[in-house]
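Trainee: Fold the stuff below for me.
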Amino acid sequence: MEQQPKINRIQWLFGNMCNYDCSYCPTILHSNDSKFDDPDIIANAVQYTVSSLRMLDRKPSFEFVGGEPTLNPGLLAICQRMGNQKLSNKLTTNGSASIEWWEEYYVYFSQVEISYHTEFANLEHIEKVIDFLIEKELAVKVMVHCTHLDDQWNKAIHVYQILKNKGYKTELKLLFSNFTKGFQFYPYKTYQLKYYFEEKGQDWDPEQTMYTGNLKYDGHTHARHDMNREFVDKKDGRIKNNWNYKGWRCNAGVDQFIVDKRGNVRRGWCGQGERLGNVLLRDVQWLQKAIKCDLDVCRNGFDQLATKFK
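Mentor: Prediction:
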């Protein structure tokens, strides 16, 4: 049987343009001061990425993030340069784009993750978007963001129950106090944590809050809080000390890359290793060797998906 080219995951940050202003989101992620680049420039960079990786017998799998990537007026031109196959291209979005927008763009993605933010989201519209995408056979997951504030928590749980009861793939997402990095969750109340873990079919143990990241085991990606102590113990202690992989080898830069707003390519958001080049300049050294980690914690969820070994 002919061996299929290996897929390389690429998470591409478009900037911080966003139509929401969520109270728990750091200003730097939605300040709207990082304007979208010229569509032709980015489209050409995507085409360069596709072509150069295919020459290495790799297939790029793109994930576009923001800000809110659907606001990018050049996204159509960018998507058209990704190639003719959806592969496992993913869009992370707040779901606010119109149905007309989705009718034009859905063909370029196989996965859509909708972050539901109760302060701004329109439930009726989100349901229409989900129904449309499911009808088009896309994999859709809704992450309902929950803060510890009672009124926002109650709104989030109300939405979560509605979406869950309609059969949509829906999860609750607890938030870090600085949203994307760090170790400390918001000060959730006992009744909130109890509800959260019961929904996952787990007993609540306060020590579970030490497990703060995503990691792939046995072909499955386990999200934050998905792992209880019994699960960890079964994995021979490979998860410990808040995702400390200091001294381990990491395949970030081998099987996945990140592209920042300026086109710089790096192994991951952790900043480990040298910059690999710049897609805007068409000068990237793809497929590096595994790197030895010298950080005390692997903070970012995308970085944590990279294979790690001793």
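Trainee: what ranges of the stretch 1-150 of the chain fall below the confidence cut-off?
Mentor: The stretch 1-150 of the chain contains residues with pLDDT under 70 at 1-5, 28-34, 84-87.
Trainee: 90 - rerun?
Mentor: 1-8, 13-17, 19-42, 54, 57-61, 64-67, 72-89, 147-149 (pLDDT under 90).
Trainee: all strands of it, in order?
Mentor: 6-13, 58-65, 90-93, 111-116, 139-146 (DSSP state E, counting those that start in this stretch).
Trainee: Which one, of the ones you listed, ends up nearest to K310?
Mentor: strand 6-13 (22.3 Å; CB to CB). To be clear about C-beta, it is placed using only N, CA and C from the backbone, and glycine gets the same treatment.
Trainee: S23: which of the strands of the stretch 1-150 of the chain is closest?
Mentor: Nearest to S23, of the strands of the stretch 1-150 of the chain and by CB to CB, is strand 139-146 at 10.8 Å.
Trainee: So what angle separates the directions of the closest one and strand 111-116?
Mentor: 20 degrees (axes from the mean of the first three to the mean of the last three CA atoms, to 10 degrees).
Trainee: that older thread, any chance of the strands of the stretch 1-150 of the chain in a markdown table with distance to L75 and mean neighbour count as columns?
Mentor: Output for the strands of the stretch 1-150 of the chain, formatted as a markdown table (distance: least, CB to CB, whole Å; neighbours: other CB atoms under 10 Å):
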| stretch | distance to L75 | mean neighbour count |
| --- | --- | --- |
| strand 6-13 | 11 | 19 |
| strand 58-65 | 8 | 21 |
| strand 90-93 | 9 | 22 |
| strand 111-116 | 13 | 21 |
| strand 139-146 | 18 | 20 |
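Trainee: closest to L280 out of those?
Mentor: strand 6-13 (12.0 Å).
Trainee: Show me what the closest one pairs with in its sheet, parallel or antiparallel.
Mentor: strand 58-65 (parallel), strand 256-259 (parallel) (DSSP bridges).
Trainee: Can you name the next helix or strand after the shortest one?
Mentor: Same thing as strand 256-259. strand 264-266 (DSSP states H and E).
Trainee: hmm, back to that, what would the strands paired with strand 6-13 look like in a markdown table with distance to L174?
Mentor: Output for the strands paired with strand 6-13, formatted as a markdown table (distance: least, CB to CB, whole Å):
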| stretch | distance to L174 |
| --- | --- |
| strand 58-65 | 20 |
| strand 256-259 | 24 |
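Trainee: Reformat the strands of the stretch 1-150 of the chain as a markdown table; add distance to Q152.
Mentor: Formatted as a markdown table, the strands of the stretch 1-150 of the chain follow (distance: least, CB to CB, whole Å):
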| stretch | distance to Q152 |
| --- | --- |
| strand 6-13 | 27 |
| strand 58-65 | 23 |
| strand 90-93 | 21 |
| strand 111-116 | 12 |
| strand 139-146 | 7 |
